[in-house]
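> structure, please.
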Amino acid sequence: MSLRTYNACHRAVSSQHGSPPNSFLDQLIDAINPLPDEVFAENDRNDIYSVMQSALGPWTGLRHRKAAMCEVLRVQAAFESDWNWNEGVDTTNHQSMTHLEGQETGAFQVSADSMRFDASLPACVDRLAHQHDVLTFINAMKSNHALAVEYCARLLRLNTTWCGTIDDHSQVVAHVRRDAVAEFQTFMQPNPAPVAALSTPSAVVAAAPAGGATGDTDRIENLIHLGSNVVTLDSAQKRAAADLLAYDGEEYPQDGCAITLSLLLNDAGIGVPLIYQAIKLGQHLRDTRKWQVIPLGQQQAGDVGSTCGTTANHGNDHIYLVVKNLNDDEMLIADNQSTQPHFRYASGQGGKTPTKFFLRAT
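Reported below is the predicted structural model:
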């Protein structure tokens, strides 16, 4: 369930292309927000902002330009794939079918040969997919949504003629909406919290020595941000799945709550070891990092909920992050059990194990 309410952004793009899924809009915003200003700043090229000047300009500042990029990508993905992240090659294009480097891939239907436009493009793929050979490119543009958004945004700042649906002004240019741009602006962050390790291998931040941890409270806002956003939660879950498989051969999401939360904590700058048991992660936060035990009903966003008792109880032990508190029982949480934040009751309503306590950084 989305944490945002969409109106203009959710309207049908055209009579042939309906409304984008909320999950697509969430991931689009979450990927655009953390990008550096250079992706949106003015340049001297005939780029996407030049093409969209009459439809969406004049540009009033960086936030406006970021929102316009969101709208372009919203509409482009409609015409190219109907917002399908896993869209494959255009089988009607003979050039694509006979040349692997020219094969369209992903929601925005980019191809590997576009990397020739500028060194920043293969560098982007290297940073988020670790290498930029053709097969890695094709697969990563489908599976790594943050990469797909950033790559296409960077590519559109260099050249737009590669994209037929933008080059033909009767398609994307004719269907972008100023009211959608205005709505996107309300979701744009002027100085967003950094999004850590969207697609990098798991890195363990050294845990603080016994006796207490400093600065954890200062990092809770970033932790909530990471747990609330579909892109960053998805990244943590994918890395958790790989770590869990390597650790004991287990298939995620089974028993993946502690490793998922360990990665989210590390991404937020709260250094914990990679811990695979819910009871042990709770003990580490309480005893090593000196987080305070909070009773039921007093939880708030940023707290960690635990169903664990004094001894391990496999199948019932669970640990999760509260990203939004709705009342003294109902919460919106992030864990391994859903690809996006979802509802849970501290009381266990709905067939879940009741939460025994919460932990809070102090």
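
> SS state for Asn84?
Secondary structure, DSSP: H, G, I helix; E, B strand; the rest coil: Asn84 is coil.

> confidence-wise, which helix or strand of this structure is lowest on average?
Ranking every helix and strand in the chain by mean pLDDT, DSSP states H and E puts helix 94-98 at the bottom, with a mean of 64.

> low-confidence stretches in the stretch 151-300 of the chain?
190-214 (pLDDT under 70).

> so after whichever strand in the chain runs longest, what's the next helix or strand?
The longest strand of the chain (DSSP state E) is strand 319-325. Going down the chain from strand 319-325, the next helix or strand is strand 330-334, by DSSP states H and E.

> that following strand pairs with which strands?
Neighbouring strands of strand 330-334 in its sheet, by DSSP bridges, are strand 319-325 (antiparallel), strand 342-345 (antiparallel).

> could you export it as PDB, CA atoms only?
Output of strand 330-334 as PDB, limited to C-alpha atoms (Å, rounded to 0.1, in the frame of the first residue of the first chain):
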ATOM      1  CA  GLU A 330      -2.100  -0.700  14.400                       C
ATOM      2  CA  MET A 331       1.100   0.200  12.600                       C
ATOM      3  CA  LEU A 332       2.600   0.400   9.100                       C
ATOM      4  CA  ILE A 333       5.800  -1.700   9.200                       C
ATOM      5  CA  ALA A 334       8.700  -2.800   7.000                       C
END
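
> mean confidence score for that strand?
When pLDDT is averaged over strand 330-334, the result is 96.

> try stretch 27-35
Taken as a whole, stretch 27-35 carries a mean pLDDT of 93.

> quick one: it to chain centroid distance?
Distance, stretch centre to chain centre, for stretch 27-35: 7 Å (C-alpha atoms, centre = their mean, to the nearest Å).

> tell me where this protein has strands.
With strands called from DSSP E, the chain shows them at 292-294, 304-306, 319-325, 330-334, 342-345, 357-360.

> nearest to Val13, out of those?
Relative to Val13, the nearest member of the strands of the chain by C-beta to C-beta is strand 342-345, separated by 28.0 Å. C-beta here means a position set from N, CA and C on the backbone, and glycine is covered the same way.

> Glu87 - nearest residue in space that isn't next to it in sequence?
Sequence neighbours aside, Ser81 is the residue nearest to Glu87 in space, at 3.6 Å (criterion: C-beta to C-beta, 6 or more residues apart in numbering).

> any idea how far that neighbour lies from Val75?
Ser81 is 12 Å from Val75, where distance means C-beta to C-beta, to the nearest Å.

> these two: which has the busier surroundings?
Using other C-beta atoms under 10 Å, the more surrounded residue of Ser81 and Val75 is Val75, with 24 against 19.

> report the contact partners of that one.
Applying C-beta atoms under 8 Å, 6 or more residues apart in numbering to Val75 gives the contacts Val13, Val172, His175, Val176.

> equivalent analysis for Leu35, please.
With the criterion set at C-beta under 8 Å, 6+ apart, Leu35 makes contact with Lys66, Glu150, Ala153.

> now the buried members of those residues.
Buried members of the contacts of Leu35, counted by 16 or more other C-beta atoms under 10 Å: Lys66, Glu150, Ala153.

> with those in mind, which one is nearest to Gln298?
Closest approach between the buried ones among the contacts of Leu35 and Gln298, by C-beta to C-beta: Lys66, at 37.7 Å.

> stretch 85-103: which residues count as buried?
Those would be Trp85, Glu87, Val89, Asp90, Asn93, Ser96, Gly102, Gln103, for stretch 85-103 by 16+ other C-beta under 10 Å.
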